[in-house]
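>>> Structural data only, the sequence is not supplied:
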């Protein structure tokens, strides 16, 4: 009897740990983001990323930097979606991420790929430039300028100071 109880306990702990480490589905992520966006009057910024992607990490770092974090938090519900993981790391992906990426026409783009939605989940803009190229994590002065023009379409307010901070943070230093 004691062995059965110990086995049951270990099985329960293992099952619970698997549940808590599993990624949220994209349906749940979007439903939660939409509720917050409607309540707070924000747009939804979905960033598709992967653990192996250096540009994804750079963009996250740039968006969370001391001089830009408040701007992005004030204007967007941020939704990172893990997709396109390498073999053996597929467990890091959010269930439904590949379908969501395809829905927003980012399945042939590199990472990061991002899309900005309104609170009704309608696309405001995405990371494609005028030539159909994915900006990804913008790093050149030209890419950052396009990025800023795109966020001006979706942010509640973009000041000259915001533009300066984003430019200074995102443009790669030589």
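Structure's in. What do you need? What you see is a predicted model; the values in this text were computed from it and never measured.
>>> Before we go further, residue 108 is sitting in a strand, right?
No: assessed with DSSP: H, G, I helix; E, B strand; the rest coil, residue 108 is coil; it does not lie in a strand.
>>> Is residue 92 in contact with residue 85, as I believe?
Yes: at 5.1 Å, residue 92 counts as touching residue 85 under the criterion of CB atoms under 8 Å. Every C-beta, even on glycine, is put in place using the N, C-alpha and C of the backbone.
>>> residues shared between the contacts of these two?
By CB atoms under 8 Å, 6 or more residues apart in numbering, residue 92 and residue 85 have these common neighbours: 50-51.
>>> Please report phi then psi for residue 79.
Main-chain torsions, residue 79, degrees, to the nearest 10: phi -130, psi 90.
>>> For burial, what's the neighbour tally of it?
If you count neighbours by other CB atoms under 10 Å, residue 79 ends up with 24.
>>> And the helices in this protein?
Assigned helices in the chain, in chain order: 2-21, 26-40, 54-63, 69-75, 97-103, 141-152, 160-170 (criterion: DSSP state H).
>>> And these: which comes nearest residue 111?
With CB to CB as the criterion, residue 111 lies closest to helix 54-63 of the helices of the chain, at 5.5 Å.
>>> okay, the helices of the chain in a markdown table with mean pLDDT, mean neighbour count and distance to residue 129 next?
Compiled in a markdown table, the helices of the chain are given as follows (pLDDT from 0 to 100; neighbours: other CB atoms under 10 Å; distance: least, CB to CB, whole Å):
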| stretch | mean pLDDT | mean neighbour count | distance to residue 129 |
| --- | --- | --- | --- |
| helix 2-21 | 46 | 9 | 37 |
| helix 26-40 | 98 | 16 | 25 |
| helix 54-63 | 98 | 18 | 15 |
| helix 69-75 | 98 | 16 | 20 |
| helix 97-103 | 97 | 17 | 18 |
| helix 141-152 | 97 | 17 | 5 |
| helix 160-170 | 98 | 16 | 15 |
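>>> Columns distance to residue 123 on top of these, output as CSV?
Below are these laid out as CSV (distance: least, CB to CB, whole Å):
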stretch, distance to residue 123
helix 2-21, 31
helix 26-40, 13
helix 54-63, 19
helix 69-75, 16
helix 97-103, 10
helix 141-152, 11
helix 160-170, 21
